[in-house]
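Chemist: Need the 3D shape of this:
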Amino acid sequence: MFWKFGVADLVFLDHVGDKKMVLDLGCGTGGSTLFLAGKGKADWIIGIDLSKDMIRVAKKKAADTGLGNKTCFIVCDGRRLPFKPSLFDSLISRGDAFCFLVPLNNTVQELKSMMKPGGVIVLEMDNRVDWKPGTTLSTGFQKTREGQIAYLITAFTKKRDYTSVSYILNPDSKIAKDVTNDSEFREKGYKASKCPLQDVKKEVIKTRRGSPTHWPSRKALTTLFKRNGFTGVQVMGDGLLMKLLLEGDRLIIEAMKKNPQLFFEIEKRLVPYVNPNNAPTMILRATAP
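Modeler: Okay, the predicted model is just below:
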């Protein structure tokens, strides 16, 4: 929620607001792209995302706000960028998009090829301090888009990969019928539950594995960019104040919505004192070679 209320955009503006060619990696519906187009000094900002629906919304928002002449939105994979080398002097990414672009080392090499020497990269991602490597994160039943019943297991591996496996149940099986008749499941389409996997597998008609994502530690993230030649690599802890405030009074949340600049200034002054290993959010800033 800290990012939702505009503080993230102010972070990016602070780091890359004076740049002329900006790439927004995983732009979603274009919130940060359009904010920088309106507030920064960029001549051109390109937003990319894999979701056609999000890009469609971003294009409409650009047209509605009169920023279509400074922005461009493209459906593409951040691991295979359709641009000429050394085009951008800055790159931003928020909402954990970077963690989906595995293997991350290949992605960093791709990003480096797109950057002008001295170009600035700023990435924001969750720190996942609440996930313990080598553990199961959740188990439960959920309804798929096709209306099937699946037993879903998510895990965080020792290598810090997030994985998910969905066991699609035979609709005529006992487990599927029991789940279908559960009042909580009927209401929410999901029910947290621990069920013996050996029993589930007896009633499975199909298994689906989700695409893994990778959540590097602060140390690993720093090493990743340094190893690829980036200089001035900093990984800062952020969002701690916002997390604490958002767990408090609703009036604080409303105040943050109305004046994100104030909360940004407070957070900015606290960053040097926040342990990035424990902060809820990490922000990486690095300079391209």
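Chemist: Name all residues that make contact with residue 152.
Modeler: Neighbour list for residue 152: 138, 139, 140, 141, 142, 164, 165, 166, 167 [criterion: C-beta atoms under 8 Å, 6 or more residues apart in numbering]. Yep, even glycine has a C-beta here, placed from its N, CA and C like the rest.
Chemist: what are the bridge partners for it, then?
Modeler: residue 140, residue 166 (DSSP bridges).
Chemist: how about the helices in this structure?
Modeler: Ranges of helices within the chain are 7-16, 31-39, 52-64, 104-114, 174-180, 183-188, 197-201, 218-227, 240-246, 250-258, 260-270, based on DSSP state H.
Chemist: Does anything pack onto the shortest one? Which helices or strands?
Modeler: Translated: helix 197-201. strand 161-169 (3 or more C-beta pairs under 8 Å, 6 or more residues apart in numbering; DSSP states H and E).
Chemist: what residue is smack in the middle of this structure?
Modeler: residue 96 (1.8 Å; C-alpha atoms, centre = their mean).
Chemist: Pretty sure it sits against residue 125.
Modeler: Yes: the criterion here is C-beta atoms under 8 Å, and residue 96 meets it with residue 125 at 4.8 Å.
Chemist: wait, doesn't residue 207 sit right on residue 166?
Modeler: Yes: between residue 207 and residue 166 there is a contact under C-beta under 8 Å: 7.1 Å.
Chemist: Who has more neighbours out of these two?
Modeler: Neighbour tally, residue 207 and residue 166, criterion other C-beta atoms under 10 Å: the higher count belongs to residue 166, 19 against 11.
Chemist: which regions of the stretch 101-250 of the chain sit below the pLDDT cut-off?
Modeler: 238-250 (pLDDT under 70).
Chemist: which residues touch residue 32?
Modeler: When contacts are counted by C-beta under 8 Å, 6+ apart, residue 32 touches 8, 9, 12, 24, 92, 94.
Chemist: do residue 210 as well
Modeler: Contacts here follow C-beta under 8 Å, 6+ apart; on that basis residue 210 touches 163, 164, 165, 166.
Chemist: and of the residues you listed, the nearest to residue 260?
Modeler: residue 164 (33.3 Å; C-beta to C-beta).
Chemist: Am I right that that closest one is in contact with residue 151?
Modeler: No: using C-beta under 8 Å, residue 164 is not in contact with residue 151; the gap is 11.3 Å.
Chemist: The two: who's more crowded?
Modeler: For the pair residue 164 and residue 151, the greater number of neighbours falls to residue 151 (24 against 16), based on other C-beta under 10 Å.
Chemist: Contact partners for the more buried one?
Modeler: Neighbour list for residue 151: 139, 140, 141, 166, 167, 169, 175, 195, 200 [criterion: C-beta under 8 Å, 6+ apart].
Chemist: hang on, the earlier thing: what's the PyMOL syntax to select whichever of the contacts of residue 152 are buried?
Modeler: A single PyMOL command selects the buried members of these (16 or more other C-beta atoms under 10 Å):
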select buried, resi 139+140+141+142+164+166+167
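Chemist: so can I have a markdown table of the contacts of residue 152 showing distance to residue 84?
Modeler: Shown next, in a markdown table, are the contacts of residue 152 (distance: C-beta to C-beta, whole Å):
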| residue | distance to residue 84 |
| --- | --- |
| 138 | 43 |
| 139 | 47 |
| 140 | 47 |
| 141 | 49 |
| 142 | 43 |
| 164 | 37 |
| 165 | 40 |
| 166 | 40 |
| 167 | 45 |
